[in-house]
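**Student:** Take a look and give me a structure for this.
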Amino acid sequence: MPSERVLNQKKAQVSELAEKFKKAKMVILAEYRGINVADDAKLRKTLRESGNEYKVIKNSIISYAAKEAGIEGIGELEGPTAVAISYDDYVAPAKVLNDYAKDNEFYKIKTGIMDSKVVEVSQIKKLATLPSKDTLYTMLASALLGNIRNLAVVLNQAKEKKEANA
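**Tutor:** Now for the predicted structure:
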């Protein structure tokens, strides 16, 4: 039987992770087996640079935290589990982990949590194909700029036509 101090530490871990689950836009749980130290460091750096947290957490802590956060349907987790958490982007962690899983057959995405709801691996893979938030902003700005430019041309043509008729 674990000591009271150890139990309190685990309860604190569960509560902290449950709060993170509640605040996160996207959480991805992945199989963390067979990864070497160099690849692990590279993966962690890539995730950190895109604004994500990434930790290896015990399955029991994850399960209790999900329950405490009111998230149902995670299922039974087996094997070592890495958790990627993003508070402001749905696509970035999906893209990074999906790309890594494509290049490393031993690395598998188990499931995900999006806005406190469990999502399937297929949904995470679909998200991974979307452009990043910055790219979407750029595309939107370009589209808006093009529309404004077109409006200016039309207005200028109308003005010239009105002046020609006057």
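**Student:** how's this structure carved up into domains?
**Tutor:** Segmentation of the chain into domains, based on automatic domain parsing, reads 4-130, 131-166.
**Student:** where are the low-confidence patches of the chain?
**Tutor:** For the chain, the stretches flagged by pLDDT under 70 are 1.
**Student:** do that again at 80, thanks
**Tutor:** 1-2, 132-134, 136, 166 (pLDDT under 80).
**Student:** Tell me which other helices or strands the top helix by length along it touches.
**Tutor:** In the chain, taking DSSP state H as the definition, the longest helix is helix 133-165. The helices and strands touching helix 133-165, judged by 3 or more Cβ pairs under 8 Å, 6 or more residues apart in numbering; DSSP states H and E, number zero. Glycine gets a C-beta too; all of them are placed from N, C-alpha and C.
**Student:** Val6 in helix, strand or coil?
**Tutor:** Following DSSP: H, G, I helix; E, B strand; the rest coil, we place Val6 in the helix state.
**Student:** number of nearby residues for it?
**Tutor:** Look at Val6: counted by other Cβ atoms under 10 Å, it has 10 neighbours.
**Student:** which residues touch it?
**Tutor:** When the contact criterion is Cβ atoms under 8 Å, 6 or more residues apart in numbering, Val6 has no partners at all.
**Student:** And it, how far from Gln13?
**Tutor:** From Val6 across to Gln13, the span is 11 Å (Cβ to Cβ, to the nearest Å).
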